[in-house]
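> Generate a structure from the sequence data that follows.
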Amino acid sequence: MELNKTTVADRIHIGIFGRRNAGKSSLINALTGQDFAIVSEYKGTTTDPISKAMELPPLGPVLLIDTPGLDDVGKLGVLRINKAIKVLNKCDIALLVIDATDPFDEHDRNIMKLIEEKKIPYVIVLNKSDLTDTAPTVNLSLSIPILSVSSKTGHKIHELKELIAKLARKTDSEKRIVADLISPGDFVVLVVPIDKGAPKGRLILPQQQTIRDILDSKAIAIVCQETELIKTLANLHKKPR
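Below you'll find the predicted structure:
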C-alpha cells in the first residue's frame, strides 16, 4: 500500500496535548515542515481537535491531532477541554507539550494521569527552549522521555521524530490481535460471514489483520463461512486452539 494512500485507521495516531500557548500548533508545523496549524500569540487559537494525515519520516504514515488548550476557561473552555481529553481514546502516542518558560502545573499533571491510566506511550516536550536556559522542574519516573526542543529554531525536532518512531515501533510490537492466545502450529478457525454488507471480492481490514497475525505467529488459519463451520471442524484432524 502506498504511503499516501494509507487509510486513517492504519496510521499511527499522535495526539498533541498541552496548555494554551504551549506551542502545540507550532510544534506540529515544525514536525511536518508545513504551515498546517494556525499559530497565534493569542491564547485559545485551537478551539476544536484538528486532524491531519501526514508522512512523518522516519515513522511513515501518521495522523497528527492538534487539541485545544487544557487550561481553557469558561463554559466553552470546559467543552473544549473535554473534546481534547476524548482524543486520548484514539491515540497510539501522546505528546505533552509544555512551555519551557512556564512552571509545570496541575493541568499538565492531570493530562499525564489520564494518559498513564490509558497506558498510552508519551513524550514530554519542553517547547520554546530557545527562550530560556532553565527547564521547568518535572518530577517523573526515569521511564518517561523528556526532550527540550524549539519549534522556532528546529532545535532537536529531528531527535523528537526519532523518539516518536521508537515509541511507535514498541507500541506496534505490543498490539497483537490473537497472537497472545495461540502457539506455532495451532489451527485457528475464522468464521467469516459473506452477506450484503461484505465488500465484494475482498475481506475487510480487521479480517485481513487477524489472518496476518495468525500467520506471523506461525499458526494455521482456516477460513470458512458460518454455514460451513460444522463441516470444517469435522474435517480437521485435531481441534482448533
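> Figure out how far the helix or strand where S26 lies is from the centre of its chain.
Per DSSP states H and E: S26 is located in helix 24-32. Distance of helix 24-32 from its chain centroid, counting by CA atoms, centre = their mean, to the nearest Å, is 16 Å.
> helix or strand right after that helix?
As assigned by DSSP H and E, the chain's next helix or strand after helix 24-32 is strand 50-56.
> Not counting the very next helix or strand once past that next one itself, show me its contacts.
Next along the chain after strand 50-56, taking DSSP H and E as the criterion, comes strand 60-66. For strand 60-66, contacts defined as CB atoms under 8 Å, 6 or more residues apart in numbering pick out 3-4, 6, 8, 10-16, 24-25, 28, 31-32, 36-37, 46, 49-56, 87, 90-91. In short, each C-beta sits where N, CA and C put it, glycine included.
> Next SSE downstream of strand 60-66?
Counting by DSSP H and E, the next helix or strand C-terminal to strand 60-66 is helix 74-86.
> Give me the distance from that following helix to the chain's centre.
Counting by CA atoms, centre = their mean, helix 74-86 comes out at 20 Å from the chain centroid.
> Give me the angle between the helix or strand bottoming out on mean pLDDT in the chain and helix 24-32.
The helix or strand of the chain with the lowest confidence, counting by mean pLDDT, DSSP states H and E, is helix 157-174 at a mean of 82. Helix 157-174 runs at 90 degrees relative to helix 24-32, counting by axes from the mean of the first three to the mean of the last three CA atoms, to 10 degrees.
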